[in-house]
Every structure is written in structure tokens, then in C-alpha cells.
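In: Pasting the sequence and the predicted coordinates here, then a few questions.
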2 protein chains.
Amino acid sequence: MNNFNFYNTTQIVFGKGQTKQLDKLVPKNAKILITYGGGSVYTNGVMDKVKAELVKSDRKIFEFGGIEPNPRFETLMKAVAICRDKKIDFLLAVGGGSVMDGTKFIAVAAVADEYIGKEEELLKFGFAGTPIENPLPLATVATLPATGSEMNSGAVITNGEDKLPFFNSKNFPRFSILDPEFTYTLPPKQVANGVIDTFVHTVEQYVTYPVDARFQDRTSEGILQTLFEIGAKTVNEPADYDARANLVWCSTMALNGLIGSGVPQDWSVHMIGHELTALYGLDHAQSLAIVLPAMWRFRQVEKSEKLIQFAERVLGITEGSDDYKINKAINMTETFFNELGAKTKLIDYGITETDVEKIIKALEKHGMTALSERGDVTLDISEQVLRMAL
Amino acid sequence: MNNFNFYNTTQIVFGKGQTKQLDKLVPKNAKILITYGGGSVYTNGVMDKVKAELVKSDRKIFEFGGIEPNPRFETLMKAVAICRDKKIDFLLAVGGGSVMDGTKFIAVAAVADEYIGKEEELLKFGFAGTPIENPLPLATVATLPATGSEMNSGAVITNGEDKLPFFNSKNFPRFSILDPEFTYTLPPKQVANGVIDTFVHTVEQYVTYPVDARFQDRTSEGILQTLFEIGAKTVNEPADYDARANLVWCSTMALNGLIGSGVPQDWSVHMIGHELTALYGLDHAQSLAIVLPAMWRFRQVEKSEKLIQFAERVLGITEGSDDYKINKAINMTETFFNELGAKTKLIDYGITETDVEKIIKALEKHGMTALSERGDVTLDISEQVLRMAL
């Protein structure tokens, strides 16, 4: 097991009717900015429930809607202006990963006085994290199980054609309310995306190379087994509470630091996927569903031990040669994505051989020249993986 | 899945050489009281490493040793007096579960001004938690994988013949350093106790009844499988880093709130075990190893679904009738305890039929009249379980 540091200060309030806790959880007298996305939280009743609690104490409530999928810098800056103007002291993100991610940027930019007028520079710190000491406190009412943003300090912010990691060590939500019933009205495609997103988050931290980290491995395997079991069911039967609750909790646990503690991490599939989203507008999960099978096929030697472990323990493939197990596991994963409605080839989105160079150029621009758990995925290898995914 | 609240603010700093982080982690200018137990931290070099870091900044360091296994109220009150006298503002527990537990009491009692002279009353709040708002901040350098105290807000304090739960919601260690190498010099019996303790913590939250909480179940199963795999090995080969690291991390994860979130919890084995420790001086783990097999045999109908799941998924018992699976799983668990050197009958410790009444009286005195995940373990049932364990 590798050395590690695990620290996660988010309070999770999970289950049916938990918005009832909001009046207790949000500071009295707060000046709150509620952030949200396209407005579905108004049509599905979530916002009403949230506000009904917040008004029970003497709070000032402002709102900012319209945070788009893959939240954009210029959109978020409008919210930053409101924070400054209204002296907001608490942010409540009501929505999915993009709303929560965008709100993390707002929390930092709103107080980064030394960056006024040049807030774009805050996007340059990447995984190292911005040096802003006391971002605005934020919390979430999460409505989409996918990104894990409700229990981590990271975000992804889009600026032009750049999709950029954004971290701040103080950006953990103070609390996150996870009511699985709030996800019942999601379009099936978004739920399927959430299943795939959670799946790929998990394998980026698990299908690497073994370091004898048994708790971490088995916890990852538990998430993956659960997704195989409930993935299709929860897409097709949205109001099955238990299936949805299991998806919601797995998606949170897949990216809160726990399963990645003390083990190697990959993330090359995400980094290549981000370019597909930025350049061609694919959903995040759609991009992952394309890159993962190709990456595994191309790097099956480097990942052989964990691919075999995945085949045996998660999928129950215990017969046959190592090669057979690996190939069957990759095929079953691709089939799983397909059955969830996700396509797994670039050509399915009209991306052809002539686009590969452009994608590689974008990776180069973003410094993605030595990806993977071993740092051995060069631009040349990324190119071959993309060709394999055509 | 049941509704739940999960909140755990302890920073875990895990691995070889991590005491090097202490100067960064402990406030500069702190007036620290280092608490410890019988003094093994002096002979094995841990205390030297701790102090070498602490003196790198301008801190005042005081010490309090002699916290005994099953830490006693009157011992801890001596440390409380030091805290008051020296105006201690940070507690660093260097030791195992008893030192960490005892330090949690010290943290509360030292600032509970309204309880001066009547600190025993602080022991009456039980699982509800003391109402003290701002206990002294505490952190730990944990040297024994067993209790999980390094990442939770609970403790067990002994007063006379009473072994009492002690909680305060602000008593999470600020950080805990878990260096598996610090555990190499533990006596084999203590390591075996740690394996058993971790095992029983896990099953108290897992072998109850199913609520379709797949992440929680599989995470518990991962801990149990790991213990079966590495339990004997880490007792017999103390310097095998990876085996020990897996035990250390599993023991922390078994009692930090994670696997118990959203599922029923039992704890009847612990409550009965506490009386055996208080009355007859058995090690905590020794008491659990006796009560658990008897409890499972007596309540195998109520626990049948989860016992079968445990048999199938953890122990791979997939053939035979349900009864066969249950009985084999219980027998294998008892054998596992025996192979770790733990005896599993009361008579092994000279406790006979004539003692049963005394134990039941103690349970009654402590209000333990409706134990288990269903509240259906009455004093009468506890008595029958104890008779089964003779």
C-alpha cells in the first residue's frame, strides 16, 4: 500500500425528505446565493422544498440560474459579480455536477481580491489548487448522481475550448443533501451517463497495477459490481428507490478520495475524454465510454494484473487463460455501456481519422503528454488509442 | 437503504515515516499534553520521533503517561488537572485505543467548567453525547490497529465496575498518523485482539438484516475477507508491511461511521462483552470472541439472511442448505478466532454458570435490556446466549 493522506470534511445527509434538515444546516442570517442550472429544479419541485426550509430563519436569498453543462467561465463570472455586489456569504448549489463544479469556482473567485479583472488566471492552477485561503462556504443539494462533486473539493471548468481541472483544498461542500427521490425526473440518458461516469471514476483508481491495498480494491469492486447489478434497472425504473439510492451513494463514494487513497491512479481516459467534450460537445460520460475500451485494449499488458482481478472478482470470469479473461472483461464492459445506450466508437459521433491530429494537438496544448498511473501514455500512445477507438 | 448522516472530519495521514508531518499538522505555539499508556512508546522509539518533530516549532510540551487498558476515570482526572493547571490547548494521544479513548474524555472534562468537582456526571450521557461545545482539540499517533478510535468521536471509559460509552460530536481527532511500522513491536496477542476487534466491529454493522445497501455490504465484506486473509499472517509475521498496513486501514474503516451508514446496527455482542471485561478483566477482544459465536447461534433465525450472505460472499460457502451455510460460517468464524489464539468459551476464563446472574444484573443496571438491530435481545435472551457460551 502506498502512503496517503485522506481528508474529507463534507457532511452527507442522505435519504428521503432530507431537505427538512436545511434550516438547521445553513447558518441563520446568511446571505445566500442559490445556484442552479437549466431550471429543472423549478419544474420538479426541488427548489420549492429548498426555499421552504431556508425561509424558516431570517436569511436573504438570491438566485443565479443558467449554469450550463460543462460550466463556462464567463457564465460563472456573472454569479461572481452578484456575490460581490450583494455581499453573499453562503453558496447553495442545487443541481448536478456542473452546478456544483461551477459553484466551487464562484466560491473562490468571489473572494480572490488579488485576481479581480484577471480571474481567468485562477484556472491555471490545475490539480495543484488555487492558493485562495478562505473561499465562500458552499453546500449542495445534489440532483444527479455522477460526478462526486458533492463530496470532493474538485471541479472542471470550461473556458473557450479548454476544459480545465479546478481545485481548492477548502472547497469541500459544508454539507450535501442527497435525496435519491430528487433524481427520479432525470432523463434516462443522464442517469445512464451517471452510471458510466461512476464506473469510469472507479476504474481510473482501480484498474492500474496492484499494490496490495485490499480495502481499496474491494471497495472499488463493490462499487463496480453494484453498477453492473443496478445500472440498467435504475435507468429503466427511475422510481425504484433502492436501486437509485445505491447509484447515488456509489457515485459519491467513487470520487471522494476514499478508493484512491494509497493506490496508483490513472485518469488518462478522463484527460482524453475532456478533449472530446471540449472539441465536439460530447457528454462527459459519452467520451469516457469511447476512450475506456480502447485504452484497456491498447494497454492490456501494462494493466494485465488488475484487468484479470477485475474479470475474476467483479465479473466472475474464472475460467480460461489470462488473455481470455482480459478480453472478455473488456468486451463485457463495452457491452454494459452499449446496453446503457452509450456508443463506444468515435465514428458514432462523426469523429473520423482526420480529427485525431486535432485532438492530439489539444492534449499537447494542455500538457497531457505523460498520462496514466505510470506516466507512460505519451501523445503517441494517446493517438494510437484514439485510432483504435475510431 | 435507510436514511443516514455521515460526517467525519479526521484527517488521516497514513504510512511509513508520516510522523515527519507532525510539525506541519500541530499548531505552532501550542501547549501540548502528550498522553500515552504503559510506556512502550518510549522503548520502541515512537515517542522520540514524535518529539523530534514537535520541538521544531516553539511549543510547550507536557506529558501524561500511565493510561491503562480500559482507561479509568480516576486516572484520566489526573490528566484533566494538568490541562487546567498548565492551560493545555492541544492534546496528542500517542498509543492505542485506550490512550485515544481516554484522551477524548480528557478533552471534554478539561473544559467542562460547569462540571468541576462532579466530572463523573459526564459519563452519564452515553451514546447521546456530552453537551460540551468546544472540547480541547486532540490528535493521535495511533500504535495499535483495533478500536477505530483514531477516526471517530467515541470512547469507552471505565468507572468502578462500569464500562461506559462516551461520545462528543466534536471529539473527532483533528488528524491521526497511522504508521503501520509503529505496530511491529506489539505483542502478538494484542495484534490478534486487534484483528478480532475489527472483525466484530464490522459484523455488528453487517450481520443484521438486509436493507439493500450494496456499497455498505460489500465494503464490510471486503474488510472481513481481508481479515480472514491477513489475520494469522500479520500476527505471525509482524514486519510484513503490507499485511500490517491492510490490518491498520481496515481497523480504521471498520469503525469510522462509513459501513454503518444507512444500515441497521446490532452492538449487542459489544454490550455483553463490556460486562465481561468490567467484571472479570477479560480483554475487550477476548470478550467479543466468546459472545459472538453464541449470539449468532442463538439468533441465527433473525440473522439468517445476512448470515447466509456472509457465508456465501465472504467465506465462499455456496453449496448446501441454508442451515448448513449458516452453521459452517459460524464454525469457521469460531475457528478463525481460535487460530488467532482467542478462546471462545466462558469456562476458558473460569466463568461458570453461577456467574451468569451477576453478568445479567450488570446489563440490567446499565439499561441493556433491549439490545440488537431489532431491540429484541432482552435480558432473558442475553442470559440464554451467555449459557450457550459457557
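Out: That came in fine, so what should we check first?
In: could you check the distance from the spatially closest residue to residue A:110 that is not a sequence neighbour over to chain B?
Out: Once flanking residues are discounted, residue A:110 sits nearest to residue A:83: 3.8 Å by Cβ to Cβ, 6 or more residues apart in numbering or on different chains. In this view, the C-beta of every residue, glycine as well, is placed from N, C-alpha and C. Here the distance between residue A:83 and chain B works out to 26 Å (Cβ to the nearest Cβ, to the nearest Å).
In: doesn't residue A:83 fall inside a strand?
Out: No. Assessed with DSSP: H, G, I helix; E, B strand; the rest coil, residue A:83 is helix; it does not lie in a strand.
In: how about it, what does it touch?
Out: A:33, A:91, A:106, A:110, A:136 (Cβ atoms under 8 Å, 6 or more residues apart in numbering or on different chains).
In: Could I get the contacting residues of the third one?
Out: For residue A:106, the contact set (Cβ under 8 Å, 6+ apart) comprises A:33, A:35, A:76, A:79, A:80, A:83, A:91, A:136.
In: TSV please, covering the contacts of residue A:83 and showing secondary structure and pLDDT.
Out: Converted to TSV, the contacts of residue A:83 look like this (DSSP: H, G, I helix; E, B strand; the rest coil; pLDDT from 0 to 100):
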residue	secondary structure	pLDDT
A:33	strand	98
A:91	strand	98
A:106	helix	98
A:110	coil	98
A:136	coil	98
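In: Out of those, which is nearest to residue A:127?
Out: Taking Cβ to Cβ as the measure, residue A:127 sits nearest to residue A:106 out of the contacts of residue A:83, at 19.8 Å.
In: Which helix or which strand is home to the closest residue to the closest one other than its chain neighbours?
Out: Distance criterion Cβ to Cβ, 6+ apart; nearest residue to residue A:106, sequence neighbours excluded, is residue A:79 at 4.8 Å. Element membership for residue A:79, per DSSP states H and E: helix A:73-86.
In: For that helix, output the C-alpha coordinates as PDB.
Out: Output of helix A:73-86 as PDB, limited to C-alpha atoms (Å, rounded to 0.1, in the frame of the first residue of the first chain):
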ATOM      1  CA  PHE A  73     -16.000  30.700 -17.100                       C
ATOM      2  CA  GLU A  74     -18.000  33.700 -18.500                       C
ATOM      3  CA  THR A  75     -21.300  32.300 -17.100                       C
ATOM      4  CA  LEU A  76     -19.800  31.800 -13.700                       C
ATOM      5  CA  MET A  77     -18.300  35.300 -13.600                       C
ATOM      6  CA  LYS A  78     -21.900  36.700 -13.700                       C
ATOM      7  CA  ALA A  79     -22.500  34.900 -10.400                       C
ATOM      8  CA  VAL A  80     -19.200  36.200  -9.000                       C
ATOM      9  CA  ALA A  81     -20.500  39.700  -9.700                       C
ATOM     10  CA  ILE A  82     -23.600  39.000  -7.700                       C
ATOM     11  CA  CYS A  83     -21.600  37.700  -4.800                       C
ATOM     12  CA  ARG A  84     -19.500  40.800  -4.700                       C
ATOM     13  CA  ASP A  85     -22.500  43.100  -5.200                       C
ATOM     14  CA  LYS A  86     -24.800  41.500  -2.600                       C
END
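In: pLDDT value on the closest residue in space to residue A:55 that isn't next to it in sequence, please?
Out: Counting by Cβ to Cβ, 6+ apart, residue A:61 is the residue found nearest to residue A:55 once chain neighbours are left out, at 7.3 Å. The per-residue pLDDT reported for residue A:61 equals 98.
In: Is residue A:61 in a helix, a strand, or coil?
Out: With three-state DSSP as the criterion, residue A:61 reads strand.
In: still on that earlier bit, quick one: the residue nearest to residue A:106 and residue A:35 touch, right?
Out: Yes. At 6.3 Å, residue A:79 counts as touching residue A:35 under the criterion of Cβ atoms under 8 Å.
In: secondary structure element for residue A:358?
Out: Residue A:358 belongs to helix A:356-365, assigned by DSSP H and E.
In: next one: residue A:262
Out: Per DSSP H and E, there is no helix or strand for residue A:262.
In: give me the number of residues near it?
Out: Per other Cβ atoms under 10 Å in any protein chain shown, the neighbour tally for residue A:262 reads 22.
In: next one: the one 3 residues further on
Out: Counted with other Cβ under 10 Å, residues neighbouring residue A:265 total 14.
In: what sits against it?
Out: Applying Cβ under 8 Å, 6+ apart, the residues near residue A:265 are A:204, A:205, A:208, A:373.
In: Now narrow those residues to whatever sits close to chain B.
Out: Cross-checking the contacts of residue A:265 against chain B (Cβ under 8 Å from any Cβ of the partner chain) gives no overlapping residues.
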